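> Requesting a structural model of the entry that follows:
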Amino acid sequence: MIDIAILRADPDRVRENLKKKFQENKLPLVDEALALDEKRRALQTEGDALRAARNALSKQIGMLMREKKTQEAEAVKAQVNADAARLADIETEAEEAGARLKAIMMRLPNFISADTPIGRNDTENVERERFLEPKVPDFEVPYHVDILERLGAIDLDSARRTSGQGFYYLIGDVARLHSAVLAYARDFMIGKGFTYCIPPFMIRSDVVSGVMSFEEMEGMMYKIEGEDLYLIGTSEHSMIGRFMNTTIPAEKLPLTLTSYSPCFRKEKGAHGLEERGIYRIHQFEKQEMIVVCKPEESEMWYDRMWHYTVELFVSMGIPVRTLECCSGDLADLKYRSVDVEAWSPRQKKYFEVGSCSNLTDAQARRLGIRYKTEKGSSFAHTLNNTVVAPPRMLIAFLENHLHADGSVDIPEVLRPYMGGTEKLVPRS
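Below is the predicted model of the structure:
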């Protein structure tokens, strides 16, 4: 949510931002918001005048009654009653205008960074850097489900019977590898000075609407029937919600947190072969990083955070690249975002394994997250980044460490979490 003071002072900046994000359908909302804001402020002024007049007239009634001027006192009482009725109408109108204005402001996207490339969708994202040399082995790399089945590591059929499409059972050493990656990522981030946290896995609707746009909520979140609770799509949701309606002393910033959680997503729509298996699923686990900081520090943290993810993948021998997300690919609350993509020797291309985002004060305004200084309080900036999400990361891991005989190497950094195991071997 943007600052309404900016909308008042420079509505053309808001319109230009909508055009850059190819959201011309929202342009009428700018004029509607301005009109509602003007109406609300006019009602506020009228209401304040009536309240001041009511106090003065009340004193006048007492004076007239003491002077036995009953008829005049009754006339003033009638005026007070008429003003009270009008004041009630004003309060109702102001409340309605304020609610509609808030709804519109929640739909207007955050301003994008000057460094954000202009483009309609993810096909126009811009590659920034590559890390480690991508390689294609001299043998055909199987589909990741085939690799897992040869390792005796996955059971999709049983998952379909128990839960439906988009679920799986992970078994044996690969299940252990899954947990090992999360444990390594946890310790990696603790080593970077982040505080480890396990948050609630369900949140209320006011937190959901504070951390994401309505469009995202509809396409992602699972609602708990009969309760005001949603399953989280990422631990960012409950981690940021933790600071809702709080004012943080400036000296305690930045807050640097790393969190583990299962994640639940609808993942609507049809997907191709490569996005089946364990790539696009309804339930997965993830290690996340969250930063709450002062505005002047957020760009520094943005660069630092995505570099941490790159460093983690490189330490496991997985080539990655970074893509600067274009304007049309940014969710409404995002100021800037970079995707981290891992190399797929099978597809001979990169695919997304994580995303780092700077939301500036968009979430903080929705949730009321402030920090306090000697001069007063201001809205904090919030950032989030995927450390690692093992289902997708496992695909890159298996493909990049696979041998022609179907065995898979375990990088040295993960061996302590695997009981010293150096290689995964097919069952037959």
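
> other SSEs contacting the helix or strand of the chain with the lowest mean pLDDT?
Taking mean pLDDT, DSSP states H and E as the measure, the helix or strand of the chain with the lowest value is helix 214-220, at a mean of 76. Helices and strands touching helix 214-220, as assessed by 3 or more C-beta pairs under 8 Å, 6 or more residues apart in numbering; DSSP states H and E, are absent. Heads up, the C-betas are built off the backbone N, CA and C, glycines and all.

> Only C-alpha atoms, please: export that helix in PDB.
Taking C-alpha atoms only, helix 214-220 is exported to PDB below (Å, rounded to 0.1, in the frame of the first residue of the first chain):
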ATOM      1  CA  PHE A 214      -6.000 -10.000  -3.000                       C
ATOM      2  CA  GLU A 215      -5.100 -11.500  -6.400                       C
ATOM      3  CA  GLU A 216      -2.200 -13.500  -4.800                       C
ATOM      4  CA  MET A 217      -4.400 -14.600  -1.900                       C
ATOM      5  CA  GLU A 218      -7.100 -16.000  -4.200                       C
ATOM      6  CA  GLY A 219      -4.600 -17.900  -6.300                       C
ATOM      7  CA  MET A 220      -2.500 -19.300  -3.400                       C
END
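
> what's downstream of it, the next helix or strand?
Next along the chain after helix 214-220, taking DSSP states H and E as the criterion, comes strand 222-223.

> where in the protein is pLDDT low?
Where the chain drops to pLDDT under 70, the residues are 58-59, 61-62, 64, 68, 74, 268-276, 428.

> I figured residue 224 hits residue 231, correct?
Yes: the pair residue 224 / residue 231 is scored as a contact, 7.1 Å apart, by C-beta atoms under 8 Å.

> which of these two has more neighbours?
residue 231 (19 against 10; other C-beta atoms under 10 Å).

> Pull the contacting residues for the more buried one.
Counting by C-beta atoms under 8 Å, 6 or more residues apart in numbering, residue 231 touches 201-202, 221-222, 224, 264.

> State the phi and psi torsions of the closest residue to it other than its chain neighbours.
Closest residue to residue 231 apart from its sequence neighbours, by C-beta to C-beta, 6 or more residues apart in numbering: residue 264 at 3.9 Å. Backbone geometry at residue 264, expressed as degrees, to the nearest 10, gives phi -130, psi 130.

> okay, now residue 264: neighbour count?
Residue 264 has 20 neighbours, counted by other C-beta under 10 Å.

> residues touching it, list them.
By C-beta under 8 Å, 6+ apart, the neighbours of residue 264 are 222, 231-233, 282-283.

> That one bridge partners, please.
Per DSSP bridges, the residues bridged to residue 264 are residue 283.

> Tell me how far it lies from residue 311.
Distance, residue 264 to residue 311, by C-beta to C-beta, to the nearest Å: 28 Å.

> can you check residue 65 too?
Counting by C-beta to C-beta - residue 65 and residue 311 are separated by 80 Å.

> ditto for residue 362
27 Å.

> And those two? Which one has more around it.
residue 362 (25 against 13).

> For that one, give me its contacts.
1-2, 110, 332-335, 382.

> Could you export the residues you listed to a markdown table, including columns for secondary structure and neighbour count?
Shown next, in a markdown table, are these (DSSP: H, G, I helix; E, B strand; the rest coil; neighbours: other C-beta atoms under 10 Å):
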| residue | secondary structure | neighbour count |
| --- | --- | --- |
| 1 | coil | 22 |
| 2 | coil | 18 |
| 110 | coil | 24 |
| 332 | coil | 20 |
| 333 | coil | 23 |
| 334 | coil | 24 |
| 335 | coil | 23 |
| 382 | strand | 28 |
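
> which is the next helix or strand following the biggest helix by length in the chain?
Longest helix in the chain, counting residues (DSSP state H): helix 27-66. Next helix or strand after helix 27-66 toward the C-terminus (DSSP H and E): helix 70-107.

> What residues does residue 33 make contact with?
Residue 33 neighbours (C-beta under 8 Å, 6+ apart): 4, 7, 101, 104-105, 108.

> switch the cut-off to 10 Å
4, 7-8, 11, 14, 100-105, 107-108 (C-beta atoms under 10 Å, 6 or more residues apart in numbering).

> Separate out the buried members of those residues.
Buried members of the contacts of residue 33, scored by 16 or more other C-beta atoms under 10 Å, are 4, 7, 14, 101, 104-105, 107-108.

> Can you give me the neighbour number for the closest residue to residue 423 other than its chain neighbours?
What sits nearest to residue 423 in space, not counting adjacent residues and going by C-beta to C-beta, 6+ apart, is residue 407, at 5.3 Å. Residues near residue 407, counting by other C-beta under 10 Å, number 14.
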